[in-house]
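Q: Here you go, sequence then predicted model.
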Amino acid sequence: MRSARRTALDILLKIEKQNAYAAPLLAQAVPKFDARDRRLLVELVYGVLRWRRSLDWMIEKISRFPQSRMDSTILNLLRLGTYQVLFLSRIPTHAIVFSSVEMAKSLRGKKAGGFVNAVLRRISEKGEEAFGLLPNEANAEALAVRTSHPTWLVKRWVSQFGFNETEALCRANNQPPPATLRVNVLKTSREELIEQAKEITSFQDAILEPTVIARNGLNVVPLSVIYDTDWVNRGWVTIQDEASQLIGEITAPKNGEWILDACAGIGMKATQLMEISKNGSRLVCTDNIPWKLKQLEEGARRLGVPIPFRVAASMEIPPLANRPIFDKVLVDAPCSNTGVIRRHPERKWRLTEKDLETMAQIQRRLLDSLAPLVKQSGVLVYSTCSLEREEGETVVENFMKMHPDFTLDDCGRFLSEAAKPHIQNGMFRSFPHRGGMDGFFCARLVRRT
């Protein structure tokens, strides 16, 4: 069977060369390994993606060979080896070096093997002292290298949040994200699952506790214990970050309301809306990616949620009694994803500053086109998983100037008291380094009568 390290190398190369994403590639690969190697495979892929810039800096300093001239296969082998040597302790250093050298020889020849051997041996000899090769100046450039982020993004955050806040944010982005479940109240409850977990052997050394803010969330450490249960298959839980769950609570669906989820994706929030309303809302889901709607349908079936309409394009809203008017419209808009970098670390290496303006334009167009579908006294909920003002507060401010018939509602009215630190001027905003949730923005807008 192919080793976890070789599979990790293949995945990293696909991410780099084909603009692929780690999560689906890992989902395909992990079933082929036992539990121990699964953990190693996931750790290697995400570890290298998170720390790539810092690893590259150390490799270049040690090898004295420009990264830009390195063969991508050899560079990724060195990244994997360096990450294992400096961040992990399970496998002896000599075994890591030997395995890396043999892989380099088989893939690129004897000379490449010698190069990998020399670099990894020097790194292993330095051990933790290798981190001393990273710049330690108190400026954005050095901070970007130390915390493995793009310089342009760190500069933006320093100007917006300050140096210390940015450092805390970047370090949070390099930590594995928390594992949070959304309990399906149509089938069970948090209390029932906590009691059930007491009888499951693998939970004896695990943590399973209610989320602080989300009403139906459970934090679980480690997430792997969930796979020792049939909770997911039975539709009792969905894996969803706490901040993401709060968007559904802010939307506050009610029995009998017509609701449009205009960017439904795979249905994470759509199914939550139906769970909250006890299947009483009449939900219409749209997305411009057909396979996501198919996955939404499969998930809804598992959770026991009826989805009455599905269409293939966001602007093709089916008429309701010849009037496409909704009580509530949820726009969980496509965005830069800077609030979920810890979950999708490859995203930070692809994102450009120009992308932020492109996304903001898409978000503005979406809101402008969907506003007429909201009935009088109806609600428009806008959310993104972005930390950038251009994709949050600025979009809302511009929208309200263009649509004076909408007024800002207070998101805090729909959340628990524990959410107060995350409410700013009536809008919800969370950060990975403040409270541990993903970075989300949400505004709730009401159409005047």
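A: Perfect, I can see it now. Numbering: from 1, shown residues only.
Q: C-alpha from now on. contacts and neighbour counts both.
A: Fine.
Q: Any regions of the chain where pLDDT drops low?
A: Flagging of the chain using pLDDT under 70 yields the residue ranges 1, 309-324.
Q: make it 50
A: Within the chain, the stretches falling below the threshold (pLDDT under 50) are 1, 321.
Q: All the strands of it, residue numbers only.
A: Assigned by DSSP state E, the strands in the chain fall at 180-183, 207-210, 217-221, 237-239, 258-261, 282-286, 309-311, 326-332, 374-384, 406-409, 423-424, 427-429, 441-447.
Q: Which positions within stretch 16-33 qualify as buried?
A: Judged by neighbour count (16 or more other Cα atoms under 10 Å), stretch 16-33 contains these buried residues: 16, 21-22, 25-26, 29-30, 33.
Q: Pull that stretch out as PDB, backbone CA atoms only.
A: C-alpha atoms of stretch 16-33 as PDB (Å, rounded to 0.1, in the frame of the first residue of the first chain):
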ATOM      1  CA  GLU A  16      -0.100  23.400  -6.500                       C
ATOM      2  CA  LYS A  17      -0.400  22.400 -10.100                       C
ATOM      3  CA  GLN A  18      -4.100  21.900 -10.600                       C
ATOM      4  CA  ASN A  19      -5.500  24.500  -8.200                       C
ATOM      5  CA  ALA A  20      -7.200  21.500  -6.400                       C
ATOM      6  CA  TYR A  21      -8.400  21.700  -2.800                       C
ATOM      7  CA  ALA A  22      -7.200  19.700   0.100                       C
ATOM      8  CA  ALA A  23     -10.500  18.600   1.600                       C
ATOM      9  CA  PRO A  24     -11.900  16.600  -1.300                       C
ATOM     10  CA  LEU A  25      -8.600  15.000  -2.100                       C
ATOM     11  CA  LEU A  26      -8.100  13.900   1.500                       C
ATOM     12  CA  ALA A  27     -11.700  12.600   1.600                       C
ATOM     13  CA  GLN A  28     -10.900  10.300  -1.300                       C
ATOM     14  CA  ALA A  29      -7.600   9.200   0.100                       C
ATOM     15  CA  VAL A  30      -8.100   8.700   3.900                       C
ATOM     16  CA  PRO A  31     -10.400   5.600   3.600                       C
ATOM     17  CA  LYS A  32      -7.400   3.700   2.100                       C
ATOM     18  CA  PHE A  33      -5.400   4.000   5.400                       C
END
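Q: How far away from the center of its chain is that stretch?
A: Per Cα atoms, centre = their mean, to the nearest Å, the displacement of stretch 16-33 from the mean C-alpha position of its chain is 15 Å.
Q: still on that earlier bit, okay, the buried residues of stretch 16-33 in CSV with distance to G339 next?
A: Below are these laid out as CSV (distance: Cα to Cα, whole Å):
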residue, distance to G339
E16, 22
Y21, 17
A22, 17
L25, 22
L26, 21
A29, 26
V30, 26
F33, 31
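Q: can you list the strands of the chain in TSV and add distance to T7 and mean neighbour count?
A: As requested, those are arranged in TSV below (distance: least, Cα to Cα, whole Å; neighbours: other Cα atoms under 10 Å):
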stretch	distance to T7	mean neighbour count
strand 180-183	27	26
strand 207-210	30	18
strand 217-221	26	22
strand 237-239	25	21
strand 258-261	38	24
strand 282-286	36	24
strand 309-311	37	17
strand 326-332	34	24
strand 374-384	33	22
strand 406-409	49	18
strand 423-424	43	16
strand 427-429	38	24
strand 441-447	36	25
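Q: Out of the ones you listed, which gets nearest to R301?
A: Comparing those by their distance to R301 (Cα to Cα), the top pick is strand 237-239, with 12.7 Å.
Q: outside of the closest one, which residues touch it?
A: Residues from elsewhere that reach strand 237-239 (Cα atoms under 8 Å, 6 or more residues apart in numbering): 179-184, 231-232.
Q: Just give me the closest of those to I341.
A: A179 (15.0 Å).
Q: can I assume the closest one is in contact with P222?
A: Yes: because the distance of 7.3 Å satisfies Cα atoms under 8 Å, A179 is recorded as touching P222.
Q: hang on, the earlier thing: nearest to M268, out of the strands of the chain?
A: When the strands of the chain are compared for distance to M268 using Cα to Cα, the nearest one is strand 237-239, at 8.1 Å.
Q: tell me how far that closest one is from the chain's mean position?
A: Taking Cα atoms, centre = their mean, one finds strand 237-239 lying 15 Å from the centre of the chain it belongs to.
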